[in-house]
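Participant: how does the following fold in three dimensions:
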Amino acid sequence: MSYTYSEFKALYSKYIHNKNDLKLLEEAYQLAFLKHQGQFRKSKEPYIIHPVNVGYILASLQSGPNTLIAGLLHDVVEDTETTLKEIETIFGEEVAFLVDGVTKISKLSFVSENREAENQQKMLLAMSKDIRVVLIKIADRLHNMRTIDYQPQEKRMQIANETLDIYAPLAHRLGLFLIKAELEDRSLRVINPPEFYKIRNLVENKEYLHKDNLNEMVTTIGNYLKSNKINKYDISGRTKSIYSIYKKMVYQQRSFDDIYDILALRVIVDKIETCYQVLGIIHAHFVPIPKRFKDYIAVPKPNLYQSLHTTVLSSKGSIYEIQIRTEEMDKIAEYGVAAHWAYKEGRHYSKEREQFEIAQKLKWYQELLKMSSDTDESASEFVETVKEDILSANIYVFTPKGQVIELSKNATPIDFAYRIHSDVGDKTVGALVNNKMVSLDYQLKTGDVVNIKTNKNSPGPNENWLKIVQTNHAKHKIRNFLNKQNRDQLLLTGKQLVEKEAAAQKADLTLLNDEFAIQHFSKNMVKSLDALYIEVGKSLLSPKTVVARMLGKELDKETLLQRQLDKAQRILTTTHVSGIIVEGLSTPQIKIANCCLPVPGDSIVGFVTRGSGIAVHHKDCPNLKNFDKERIVDVFWASNIERKYPTRIRIIANNRENILADIITMINASNVTIAEINSLTNQKLENITTIKLITKNIDDLENVMLNLMKVANIYTIERKFV
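Facilitator: Just a heads-up that it's a prediction; the model follows:
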């Protein structure tokens, strides 16, 4: 599927007629042709074919001249000697801005997991500045997916996985359904070719077998509409995408024959009221399948999609999904946000005005803007929050005033509260759902009306909330609150200890300020008086040492000894072989409990054994309930751990051919070491694999588990406690 410049020009000339715009488009092509001369793609084709095809994809969305020009020039700054200044001089500031945005995304290299997260964050932040930047990047990715067969296998897998993770969800959120479906199908063909071709053959076979029935349904429905004096309509058939069928088969454990909406009919009419009239006619003549009706006209999806969906049983016993919508709704269903931005001759909006209108219409885009401007998360946290909380969100609930809030599946009232505002989340004490009081761990469903009850005197979230909430956004806000609370407590404790010692030594408290702290304790990485108090609160500095510096005394033997102990304690904290600190003990014998194998980032507790020191357990370890509570001690991870730790996971999967090989390949690709692996088949013919991994921390482990979910036919991945 490749297009020439003549085909591209013929397409954009259908809706762009301004002579100056057409002249600039021609100049952009000539410049791209000149600059890319002598460059070739992996397919051995001249490089100019790529920007032309990117332009064609954008023109099929009826993008404006500046977007098309930027699409043609999106690689010239990166791959040639051309500068942004040259582009700005010829084509203007807006084109240069778009090219710069796409260039910055294109330059991102994916050499490590951290770098990949940072680069994905940059792309999402670029989109928050101008959504057209990502529209161009999606078009760029689509053409690259169309020509992906020329890439080496490892590169193909990396591109396909990234496409499923980022670009397809973005296309979905922008309402670009055709592009989204193509990106997903092409990615599946790379990642799991056997499943792709198997499902494609099943779909083609079903289309062939049901062709006559489908045509008969089209004719029958058309006759019913005419007999009810509805003459302006269009009825067509459509097939569900291969990837969406694959997802239902894998994640919902359904057979191909159990998926009802593989074949569907689409009825397009001229007015909204006619949509509901058509629905009534169809239900009067065909048996509707219970619980399969959805009204996206009254409650549009967050990506602007509107339609009536119903599933009916035909007279021949076949099941069909029927979608009913207006022509305008159909245009938005096909082109999404691009339909709003479709070029109209004579309309001159600033990009700021365009961005504002898009934000007003797309609630999820408002959330992205909010997160982009107010985030203290790391790159990986930010990307995961956007991917899971925005790009993958799939339930829609309402505020009491009717505002739609989109959340991830199984979200709770606490998730809802933090989506409204962090202050609302912190002060949440209860929730009403559909005017009924519910617990804070209640799982919300699409259509719920949620009313959060707050109390300004609430102590705020606690550790248990982290087990309840589903969204990364809420988890991050809760951790921030708890960390600040812990910091405040350490600060207060340290301040009280120093002031008590100062009073005993009759030291002048006015000496305590930021300058004093930095001057005397910079070697301790102290950068403020508060930081000094926190070090004392952590027992990393002695209050005697602080007061001795205040008095300017020659340090006596006791203080010198205390300083040495301070230093030893710091070294212990940062370099202890276990990476674990035990409250109240400076040099304990520590071992990691083999039954649960916690890793840094897990919540942990210590158990004082008889003669073997302290065993550190995951706080959810089932063995803890059998232990003497009097021998449980508080432990926590050191701040800068360099060693790695073993832990176990259990994977339950379909016992298909090569399942174990696929699991091992994915783990190796995640840069985590396998220490031990055991695999067996249970009575249900499921493959049960237990793996001991060597990981740096919980983030490492969760990344492996997320990547493993991409392996076909895996049902469950969980931590394994023994």
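Participant: give the contact list for the closest residue to residue 701 other than its chain neighbours.
Facilitator: Counting by Cβ to Cβ, 6 or more residues apart in numbering, residue 695 is the residue found nearest to residue 701 once chain neighbours are left out, at 4.9 Å. C-betas here are computed from N, CA, C, even on glycine. Neighbour list for residue 695: 599, 644-647, 672, 701, 704 [criterion: Cβ atoms under 8 Å, 6 or more residues apart in numbering].
Participant: same deal with residue 136?
Facilitator: So residue 136 contacts 54, 58, 67, 70-71, 74, 98, 102 (Cβ under 8 Å, 6+ apart).
Participant: least confident secondary structure element in the chain?
Facilitator: Every helix and strand in the chain was compared by mean pLDDT, DSSP states H and E; the lowest is helix 557-575, with a mean of 42.
Participant: now do the buried residues in stretch 274-293.
Facilitator: 274-275, 277-279, 281-282, 286, 288 (16 or more other Cβ atoms under 10 Å).
Participant: so which of those residues are in helices?
Facilitator: 274-275, 277-279, 281-282 (DSSP state H).
Participant: out of those, flag the one nearest to residue 87.
Facilitator: residue 275 (45.8 Å; Cβ to Cβ).
Participant: surely that closest one meets residue 325?
Facilitator: Yes. Taking contacts as Cβ atoms under 8 Å, residue 275 lies within contact range of residue 325: 6.2 Å.
Participant: now do the shared contacts for the two.
Facilitator: Counting by Cβ under 8 Å, 6+ apart, the residues touching both residue 275 and residue 325 are 269, 297, 308.
Participant: what's residue 434 in contact with, if anything?
Facilitator: 448-449.
Participant: mind listing what's buried in the strand or helix carrying residue 481?
Facilitator: Per DSSP states H and E: residue 481 is located in helix 472-505. For helix 472-505, the neighbour count (16+ other Cβ under 10 Å) marks 472-478, 481-482, 490-491, 493-495, 497-499, 501-502 as buried.
Participant: cool, and stretch 462-471?
Facilitator: 465, 468-471.
Participant: what about the stretch 101-250 of the chain, any weak spots by pLDDT?
Facilitator: For the stretch 101-250 of the chain, the stretches with pLDDT under 70 are 104-129.
Participant: 80 - rerun?
Facilitator: 103-131, 173-175 (pLDDT under 80).
Participant: quick one, strands of it?
Facilitator: Applying DSSP state E, counting those that start in this stretch to the stretch 101-250 of the chain gives strands spanning 233-239.
Participant: now the stretch 501-650 of the chain
Facilitator: 580-582, 590-592, 604-608, 614-618, 632-633, 635-637, 645-654.
Participant: could those go into JSON lines alongside mean pLDDT?
Facilitator: Output for those, formatted as JSON lines (pLDDT from 0 to 100):
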{"stretch": "strand 580-582", "mean pLDDT": "73"}
{"stretch": "strand 590-592", "mean pLDDT": "87"}
{"stretch": "strand 604-608", "mean pLDDT": "87"}
{"stretch": "strand 614-618", "mean pLDDT": "90"}
{"stretch": "strand 632-633", "mean pLDDT": "84"}
{"stretch": "strand 635-637", "mean pLDDT": "83"}
{"stretch": "strand 645-654", "mean pLDDT": "90"}
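Participant: dump those to a markdown table, plus mean neighbour count and distance to residue 333.
Facilitator: Conversion of the strands of the stretch 501-650 of the chain to a markdown table gives the following (neighbours: other Cβ atoms under 10 Å; distance: least, Cβ to Cβ, whole Å):
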| stretch | mean neighbour count | distance to residue 333 |
| --- | --- | --- |
| strand 580-582 | 23 | 55 |
| strand 590-592 | 17 | 54 |
| strand 604-608 | 21 | 50 |
| strand 614-618 | 24 | 47 |
| strand 632-633 | 16 | 58 |
| strand 635-637 | 19 | 50 |
| strand 645-654 | 19 | 34 |
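Participant: which of those strands sits closest to residue 88?
Facilitator: Across the strands of the stretch 501-650 of the chain, closest to residue 88 is strand 635-637 (Cβ to Cβ), at 50.7 Å.
Participant: other residues contacting that closest one?
Facilitator: Residues contacting strand 635-637 (Cβ under 8 Å, 6+ apart): 579-583, 590, 600-601, 604-606, 614, 616.
Participant: now those in CSV, with distance to residue 231?
Facilitator: Output for the contacts of strand 635-637, formatted as CSV (distance: Cβ to Cβ, whole Å):
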residue, distance to residue 231
579, 75
580, 77
581, 79
582, 81
583, 80
590, 81
600, 69
601, 65
604, 72
605, 74
606, 78
614, 82
616, 76
